[in-house]
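Colleague: can you look at this prediction? I've put the sequence above it.
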Amino acid sequence: MGRRRRPVRSALALLGLLVVACQPAPVTVPSAPASAPPSSAGGAAPSDRPADTAALTGVWTGSLADATGEYPVTLRLADCGPAARCGESEYTKPDDPSVPLCAADLVLENVRPDGFQFVETMTWRPWECLATTLLVTPQADGTLAVKQYGDLAQPPCCTGTLTRVALDPAPTPVALPAAVPGLGAPTAVLDLHGTTTQYTAEGFGSLWLPLDQSGEVIRVNAASGAEEARVPVGDPSGVELRSDPHAVAVADDGVWVTSAAGREIVLIDPATNAVTRRIAVPGEPYAIAIKGRRAWVGSFQDDVLVAVDLEAGTVLATAVVAKPTGVAVEKGGVWVVEHRSNTVVHLDPETLAVEARIDMGSERPNGLCGFCIENVIVAEGSVWTADNYRQSVTRIDPATDRIIDRIATPHRVWDVEAGGGAIWASQFDEGGMPVEEWQTARIDPASGALTVYPLPAQSVAWAGDALWTGVPARRSDVLVRVLPAS
């Protein structure tokens, strides 16, 4: 289906299961009610002494136990002050600790006489675990005592002792080259603390990316690669695809985001990084394209494409499109991917009447076409698609709706983007090839010549005159910025 795949063993039979700890029924991983109360509820009063978290720095592993058993947990903690993100927690399967169930960022909320109080914010697979509060206390023997609370006014639900296994709390999640021959050197590497999709956007001096498993949009400075803001938008636990938000697009008034759980598109004001408008749309929005004051939004789950008047906030036209994923628009039309039929559909932008259907002709590995085309762009006078299973980029003439070129690539293509006078394509393979060996491909639109670079990529973007690649790590994505050599 259209949702991006992970390179780790994350296919669990628990996708629809909400895991809750501290209750009599058996559980899979410790967690608790979604909203912990303020730190002043119950517990000891805050201490006036400064936060001395140096003793916490490192990677700690062990388990937390309740009445149903013990559950593996890893904490990665850094020395930091109050109200700062100081690390992360990760819960794994009890029968296989190598498989992560969920993960959270940790913020030091309070320093208490009995320990350091951290609040979890789920960043990966939040539907598997609910956020809790952790009270961690260094012990004389060098271990770390942990109490886990769903409600600070109640006794802890789970307790455990963790052992430090490493001093470095933040190992590099992906081994990246110091320089990419013929392309340039990475100028910034950012751990997104979540997973993203290929539907990103550039605007207002930033690169905007949906964090589809934590319900946020992250704003990254296009010049420096630094994180600027995180904006809560979606709820992946509330939709079957577990991906929300899935796409963003830039307009004159801000950044529009698909909110699947809300069945709406929402506007982020770049001046405040807050949601200021909402427009209801039919179905669960998946991908979005914008031109002028109009948006075209596809719903993978509901087999529908809609045209939206952004000024009036109304739906102008609706068309049935089977399992749409990528959407692209230019003055001559709207092009939409029918993912499971491996087809690009050309529609009239005003009426959404079908102008043409372009069959990619790829072999289909199964009835769901899980490795077929996913996204589509219009750039350099052509329509371009990422033909995953055929291992190629397909070029379509928008005037005739005919395929005019297929550029073969060494590996699967999940994403195509345009920038710097070129077409860029991600190059990945989940069939055993290490992530570090994935590649980035560049296509010269004038000649069709392909150049492949040893820069890992499952997704690609262009912003701030730089190339960006999204690289999956174990439970998070890493964003890499490369300024191509002139």
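Modeller: Looks like it came in fine.

Colleague: contact partners for Gly58?
Modeller: 76-77, 164-169 (Cβ atoms under 8 Å, 6 or more residues apart in numbering). Using the backbone N, CA and C atoms, a C-beta is placed for each residue, glycine as well.

Colleague: over to Val119: give its phi and psi.
Modeller: The phi and psi values for Val119, taken as degrees, to the nearest 10, are phi -110, psi 130.

Colleague: that one against Asp105, yeah?
Modeller: No: using Cβ atoms under 8 Å, Val119 is not in contact with Asp105, being 9.1 Å away.

Colleague: residue ranges of the strands in the stretch 351-486 of the chain, please?
Modeller: 354-359, 376-379, 382-387, 392-397, 402-408, 416-419, 422-427, 439-443, 450-453, 459-463, 466-472, 477-482 (DSSP state E, counting those that start in this stretch).

Colleague: Arg474 - how many residues pack around it?
Modeller: The burial count assigned to Arg474 is 16, neighbours taken as other Cβ atoms under 10 Å.

Colleague: so what does it have for phi and psi?
Modeller: According to degrees, to the nearest 10, Arg474 has phi -60, psi -40.

Colleague: report pLDDT for it.
Modeller: What the model reports as pLDDT for Arg474 is 77.

Colleague: how near is it to Arg85?
Modeller: From Arg474 over to Arg85 the distance is 19 Å, taken as Cβ to Cβ, to the nearest Å.

Colleague: next one, pLDDT for Thr53 please.
Modeller: At Thr53, pLDDT is 79.

Colleague: I'd say it and Leu108 touch.
Modeller: Yes: Thr53 lies in contact with Leu108 (Cβ under 8 Å); the separation is 6.7 Å.

Colleague: which neighbours do those two have in common?
Modeller: Joint contacts of Thr53 and Leu108 (Cβ under 8 Å, 6+ apart) are 80-81, 86, 116.

Colleague: and the residue nearest in space to the middle of the chain, what are its bridge partners?
Modeller: Per Cα atoms, centre = their mean, the C-alpha nearest to the average position across the chain is that of Thr196, at 1.8 Å. On the basis of DSSP bridges, Thr196 is bridged to Leu211.

Colleague: please renumber the chain so that the first residue is 162 from this point on.
Modeller: Sure thing, new numbering starts at 162, so read that last one as Thr357.

Colleague: ok, now which ones touch it?
Modeller: Here Thr357 is in contact with 370-373, 379, 620, 631, 638, 640 (Cβ under 8 Å, 6+ apart).

Colleague: could you identify which of those has the most neighbours?
Modeller: Leu370 (30 neighbours).

Colleague: who's in contact with that residue?
Modeller: So Leu370 contacts 353, 357-358, 361, 378-379, 381, 409, 622, 631, 640 (Cβ under 8 Å, 6+ apart).

Colleague: cool, Arg518 as well?
Modeller: So Arg518 contacts 504-507 (Cβ under 8 Å, 6+ apart).

Colleague: what about stretch 596-605, distance to the chain center?
Modeller: 20 Å (Cα atoms, centre = their mean, to the nearest Å).

Colleague: now the terminal residues of it, how far apart.
Modeller: Stretch 596-605 stretches 25 Å from its first residue to its last (Cα to Cα, to the nearest Å).

Colleague: average pLDDT for it?
Modeller: Mean predicted confidence for stretch 596-605 is 93.

Colleague: does Arg501 sit in a helix, a strand or a coil?
Modeller: Arg501 falls in the helix class when you classify it by DSSP: H, G, I helix; E, B strand; the rest coil.

Colleague: confidence score at it?
Modeller: 85.

Colleague: does it touch Thr486 like I think?
Modeller: No: look at Arg501 against Thr486 with Cβ under 8 Å: they stay out of range, at 9.3 Å.

Colleague: the two: which has the busier surroundings?
Modeller: With neighbours defined as other Cβ under 10 Å, Arg501 and Thr486 compare such that Thr486 has more, 26 against 20.

Colleague: adding pLDDT, write the contacts of Leu370 out as JSON lines.
Modeller: As requested, these are exported to JSON lines (pLDDT from 0 to 100):
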{"residue": "Leu353", "pLDDT": "93"}
{"residue": "Thr357", "pLDDT": "95"}
{"residue": "Thr358", "pLDDT": "95"}
{"residue": "Thr361", "pLDDT": "98"}
{"residue": "Val378", "pLDDT": "98"}
{"residue": "Ile379", "pLDDT": "98"}
{"residue": "Val381", "pLDDT": "98"}
{"residue": "Val409", "pLDDT": "98"}
{"residue": "Ala622", "pLDDT": "98"}
{"residue": "Gly631", "pLDDT": "95"}
{"residue": "Leu640", "pLDDT": "96"}
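
Colleague: so which elements touch the lengthiest strand in the chain?
Modeller: Counting by DSSP state E, the longest strand found in the chain is strand 257-273. Here strand 257-273 touches strand 230-238, strand 246-254, strand 276-285, strand 294-299, going by 3 or more Cβ pairs under 8 Å, 6 or more residues apart in numbering; DSSP states H and E.

Colleague: can I get the CA coordinates of the shortest one in CSV?
Modeller: Output in CSV follows, covering the C-alpha atoms of strand 294-299 (Å, rounded to 0.1, in the frame of the first residue of the first chain):
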residue,chain,number,x,y,z
THR,A,294,6.3,9.9,33.6
LEU,A,295,9.6,8.4,34.7
LEU,A,296,11.3,9.0,38.0
VAL,A,297,15.0,8.0,37.8
THR,A,298,17.4,7.8,40.7
PRO,A,299,21.1,7.0,40.5
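
Colleague: how about the helices in the stretch 362-511 of the chain?
Modeller: Counting by DSSP state H, counting those that start in this stretch, the stretch 362-511 of the chain forms no helices at all.

Colleague: where does pLDDT dip in it?
Modeller: Within the stretch 362-511 of the chain, no stretch falls below the threshold (pLDDT under 70).

Colleague: same check on the stretch 512-647 of the chain?
Modeller: Short version for the stretch 512-647 of the chain, where the test is pLDDT under 70: 523-532, 591-593, 647.

Colleague: if we use 80, what do you get?
Modeller: Counting by pLDDT under 80, the ranges of the stretch 512-647 of the chain that qualify are 522-533, 550, 591-593, 635, 647.

Colleague: and the residue located most distally from the centre of the chain, what are its phi and psi?
Modeller: If you look at how far each residue of the chain sits from its centre, by Cα atoms, centre = their mean, the farthest one is Ala301, at 40.2 Å. Dihedral angles of Ala301 (phi, psi; degrees, to the nearest 10) stand at phi -60, psi -30.

Colleague: for Ser553, name its beta-bridge partners.
Modeller: On the basis of DSSP bridges, Ser553 is bridged to Asp548, Ala569.

Colleague: so who does it touch?
Modeller: By Cβ under 8 Å, 6+ apart, the contact set of Ser553 is 567-570, 574.

Colleague: now those residues: which count as buried?
Modeller: 567-568, 570, 574 (16 or more other Cβ atoms under 10 Å).

Colleague: would TSV of those with distance to Ile451 be doable?
Modeller: Shown next, in TSV, are the buried ones among the contacts of Ser553 (distance: Cβ to Cβ, whole Å):
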residue	distance to Ile451
Arg567	29
Ile568	27
Thr570	29
Val574	24
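
Colleague: okay, now the domains of this protein?
Modeller: 215-327, 334-359+495-647, 367-384+391-481 (automatic domain parsing).

Colleague: among the ones you listed, show me which one is buried the most.
Modeller: Each of those was scored by mean neighbour count; the highest is domain 367-384+391-481, a mean of 21, by mean count of other Cβ atoms under 10 Å.
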